[in-house]
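>>> What shape does this take:
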Amino acid sequence: TPSPTTTEEPTTTTTTTTIFMPKDISCSIKKGKSLNCSKRNMHTGESLVKMIMSMTPKQRKSVKMLDISGNPALPIDTLKSILTYLPSLATLDVSYGRWTVIPSDMFTFNPKLKNLDVSNNKIQCVRGALSGLKMKSMKWAGNELLAEVAGGKTKSKKGKLVKIINEWNKMDKGLCFYYN
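Purely as a prediction, here's the structure:
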């Protein structure tokens, strides 16, 4: 008589990893004109989008300053979309991000932009992005290539800034992944 045999089923263990996406921290607004979103852990920009979309068009038009510094995970395309709703923006601080380029159409809907701080990013290209703007001041410390092309300068005002922007517009197109 044959002896009974037992077969064991192989055991499979499945491990599930949940990636926790930190929630954006809400921005603050001062006197209806200044949005402070500095160091708000923005990964999606959702809190800023909700704030802006809850404003009337007249309220959005009164926003003159946006500080979005210290949010390196915020995608540049998200910020570009947000900027389309702030037509009167005059001052923008995007320092301490992870930008490598400023798309040529970044400020299409911000013709009043005059003050820009892009310090401590790794920007290699601004080709065309600042054309047509009447910039009063700009800071770009911590962006080695921009500083090199600007003769070692890391900030500038009005008249001299126009010349620097013209030099940046001559930079190698190959550094601008969005440029046609």
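>>> Confirm that Lys39 lies within a strand, as I assumed.
No: Lys39 is assigned coil when assessed by DSSP: H, G, I helix; E, B strand; the rest coil, not a strand.
>>> give the contact list for the nearest residue to it once chain neighbours are set aside.
Spatial nearest neighbour of Lys39, excluding adjacent residues (Cβ to Cβ, 6 or more residues apart in numbering): Gly70 at 3.8 Å. From N, CA and C alone the C-beta is placed, and that goes for glycine too. Contacts for Gly70 (Cβ atoms under 8 Å, 6 or more residues apart in numbering) come out as Ser38, Lys39, Arg40, Ser95, Tyr96, Gly97.
>>> Apply the buried test to these and list what passes.
Ser38, Arg40, Ser95, Tyr96, Gly97 (16 or more other Cβ atoms under 10 Å).
>>> Can you give me the distance of the third one to Lys170?
Right, the one you point to is Ser95. For Ser95, the distance to Lys170 equals 25 Å [Cβ to Cβ, to the nearest Å].
>>> so which two of the buried ones among the contacts of Gly70 are the farthest from each other?
Arg40 and Ser95 (13.9 Å; Cβ to Cβ).
>>> Excluding residues flanking it in the chain, which one is nearest the most centrally placed residue in the chain?
With distances taken as Cα atoms, centre = their mean, the chain has Ile76 as the residue nearest its mean C-alpha position (4.0 Å). Excluding its sequence neighbours, the residue lying closest to Ile76 (Cβ to Cβ, 6+ apart) is Trp99, at 6.0 Å.
>>> Run a quick neighbour tally on the one you found.
23 (other Cβ atoms under 10 Å).
>>> Okay, helices next: where are they in the protein?
46-53, 57-61, 76-83, 144-149, 158-168 (DSSP state H).
>>> could the ones you listed go into CSV alongside distance to Arg127 and mean pLDDT?
Formatted as CSV, the helices of the chain follow (distance: least, Cβ to Cβ, whole Å; pLDDT from 0 to 100):
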stretch, distance to Arg127, mean pLDDT
helix 46-53, 27, 92
helix 57-61, 29, 96
helix 76-83, 15, 94
helix 144-149, 11, 95
helix 158-168, 7, 93
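>>> For stretch 160-180, give me every contacting residue.
101, 103-104, 124-128, 130-131, 135-138, 145-146, 149-150, 153, 156.
>>> Let me know whether Asn120 touches Tyr96 as I believe.
Yes: Asn120 is within contact range of Tyr96, at 4.7 Å (criterion: Cβ atoms under 8 Å).
>>> how close does Ile25 get to Val49?
14 Å.
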